[in-house]
Structure formats: C-alpha cells, structure tokens
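Asks: need a structure here:
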Amino acid sequence: MSKDKAIRFQQLHREDNCFIMANAWDAGSAVLLAQAGFEALGTTSAGIAYSHALPDAAAALGFEQALQATAEIAAAVDIPLSMDSENLYAHDPQQVYDNMRRIVETGAVGASIEDYRGDPANPFYDIELATERVAAATEAINDLDYPFVLTARSECFLYRHPDPFAQSVRRLNRYREAGADCLYAPGVRDIGVISELVAALDGPLNVVMGLSGAPLTLAQLRAVGVTRVSIGGSLARAALGLVRRAAREMLEQGSFAFAGEQVADAELCELFSINADRKN
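Replies: Numbers count the residues shown, from 1 in each chain. Just a heads-up that it's a prediction; the model follows:
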C-alpha cells in the first residue's frame, strides 16, 4: 500500500499540477479530511503539539511522539501522507539520516526538513551544513523501492532573514541539487513574491495558506505556478478556536448554540467504523 501511495504522491507533484495538501493532527482529523476528498495529507507538528498541550516547537514535541502520531495517521487513511518533521529532530547529518529511516517506517511517503536551528539568536544552519543535512535525508531514502517525496524548507521569510528572497532562492536551489523533491519557503504571503519564487526555483514549490495576511485563492496560486498548498497548523487552531468560543458561550451566556456545528454521532461512528475495521 505504501508503494501505491508513494507513486500517487509523486504524481501529484508533476509539472502543471496544483493541489492542496491539508494538514491533520490525529487519525480522526485525517479521516475527515480524506472523506472530504483531499488527495494527500500532511501532518502538522503544531497541531500534534497542541493536542498534547505543548507549544509549537521542536524542543517541546518529542520525536517519539511525532513518530507515533504520524504512524497512527498513516494507518487511518488510504491516501498519501507527508510528515511535518521539523528539522528532522537532529542537527548532525548522521542523526538526520537515522531519523529519516525511522520516519519511513511510519508509513508516511514524504517528509520535510527545515534549515531553522531552533535558536532565535542564531536561527539558520550554515548553508553548507544545511545542504549536507538535506543530502543525508536523501541518502536515507535512496534505497527504497518506491518514491519518497522529500520537502526541503528554507525558513528565511518566517524567521526574518535580512534578505529573505535571495537567501531562500540560494538555499532552496542548493537543497534541490542535494536531492529535495519539493521546495518550501513558509511565511510568504504576497502573490507577486510567490510568482518570483516559482520562476527562480529549480523545483516544485509548496506554499502555506491559513496564516495571517492577505488571503489568496487556489486559483491565484495555480495561475503563478505553485505546485502544492499546505495549511500548516491553521485548521487545528481553528478547531481549538471553536472549543474556546463554545466554552465562552456556555459560561458567559449559558447557551449551547455551538452544538449546531457538530457532526452527528451516527455519521462519525459510521465513518470511523471503517478505520476500526482496518485495525481488525
């Protein structure tokens, strides 16, 4: 099954295609998204962290927790899954290699690697080390008998590099040369800048929507050549926003209008019974 998913995921990244890869944080959210019709999913490290009452930071959510959540999500759906794997939970290229081998065992058919070090005072890996890390992740998947989509991220826009465009292009093209299949510069919200990135990069571009800033549509992103659109932790935050609004409504107004937005128990039980049957 992983091989079929992997081939399909690779095909989705073909030239002239543009698709949304929604991000799930547990098996239940993944099943709902798959039922809705998405062709592929990603995990959201932020959403998984929130579900454990942890902040969105690699140091907060442990690698073992992330692996377990990824495996549960991968097992719950019949569509491709890519793991939001932070900086591969490692600094050293050898540990990047070892961790990537473990990610493959979860059933995910894609994963990402960031060049953010986790230190706000010194946020980015040196470009040579960052490229070496991408190469190590690539080496870890080279002997698989199916394609595994490696997404390399440059965090220069997100963490305010003084020259984010030029540095992102330089870094992402180096990562592409090192074996990355998909390129990602989170934090870009301007359609003009996105269009310039597409033109300057040597591989498919992923952009993230659902963050603050000017809203863009899938049609706009497709028109400028974006290949993949993810939503990060925005859907998880929206779900938690509903919980908070419902709590305030009950405590401040004594009413329960939030219940009008719920999915019926019978519908959920029917949907999730399919997942239960998969485990038997």
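Asks: now the strands for the stretch 101-250 of the chain?
Replies: Assigned by DSSP state E, counting those that start in this stretch, the stretch 101-250 of the chain shows strands spanning 110-113, 149-153, 182-184, 205-208, 228-230.
Asks: how about those in TSV, adding mean pLDDT, distance to residue 161 and mean neighbour count?
Replies: To be clear about C-beta, it is placed using only N, CA and C from the backbone, and glycine gets the same treatment. Listed next are those as TSV, based on pLDDT from 0 to 100; distance: least, C-beta to C-beta, whole Å; neighbours: other C-beta atoms under 10 Å:
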stretch	mean pLDDT	distance to residue 161	mean neighbour count
strand 110-113	98	18	27
strand 149-153	98	13	26
strand 182-184	98	15	25
strand 205-208	98	17	23
strand 228-230	98	21	23
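Asks: switch the ones you listed over to TSV; also include distance to residue 34.
Replies: As requested, the strands of the stretch 101-250 of the chain are exported to TSV (distance: least, C-beta to C-beta, whole Å):
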stretch	distance to residue 34
strand 110-113	16
strand 149-153	18
strand 182-184	21
strand 205-208	20
strand 228-230	16
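Asks: of the ones you listed, which is nearest residue 194?
Replies: Evaluated with C-beta to C-beta, the strands of the stretch 101-250 of the chain place strand 205-208 nearest to residue 194, the distance being 5.9 Å.
Asks: that closest one packs against which elements?
Replies: Packing contacts for strand 205-208, counted by 3 or more C-beta pairs under 8 Å, 6 or more residues apart in numbering; DSSP states H and E, involve strand 182-184, helix 191-200, strand 228-230.
Asks: turn the ones you listed into JSON lines, columns for distance to residue 238.
Replies: Listed next are the helices and strands packed on strand 205-208 as JSON lines, based on distance: least, C-beta to C-beta, whole Å:
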{"stretch": "strand 182-184", "distance to residue 238": "21"}
{"stretch": "helix 191-200", "distance to residue 238": "23"}
{"stretch": "strand 228-230", "distance to residue 238": "15"}
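Asks: looking at those, which is closest to residue 8?
Replies: Of all the helices and strands packed on strand 205-208, strand 228-230 comes closest under C-beta to C-beta, at 13.5 Å.
Asks: I'd like to know which elements the closest one is packed against.
Replies: Short answer (3+ C-beta pairs under 8 Å, 6+ apart): strand 228-230 packs on strand 19-24, strand 205-208.
Asks: could you dump these into JSON lines with distance to residue 259 added?
Replies: Formatted as JSON lines, the helices and strands packed on strand 228-230 follow (distance: least, C-beta to C-beta, whole Å):
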{"stretch": "strand 19-24", "distance to residue 259": "24"}
{"stretch": "strand 205-208", "distance to residue 259": "32"}
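Asks: nearest to residue 253, out of the strands of the stretch 101-250 of the chain?
Replies: Among the strands of the stretch 101-250 of the chain, strand 205-208 sits nearest to residue 253 (C-beta to C-beta), with 34.9 Å.
Asks: quick one: contacts of the closest one?
Replies: Strand 205-208 has contacts (C-beta atoms under 8 Å, 6 or more residues apart in numbering) with 21, 151, 182-188, 194, 197-198, 221, 225-232.
Asks: I am finished for the moment; much appreciated.
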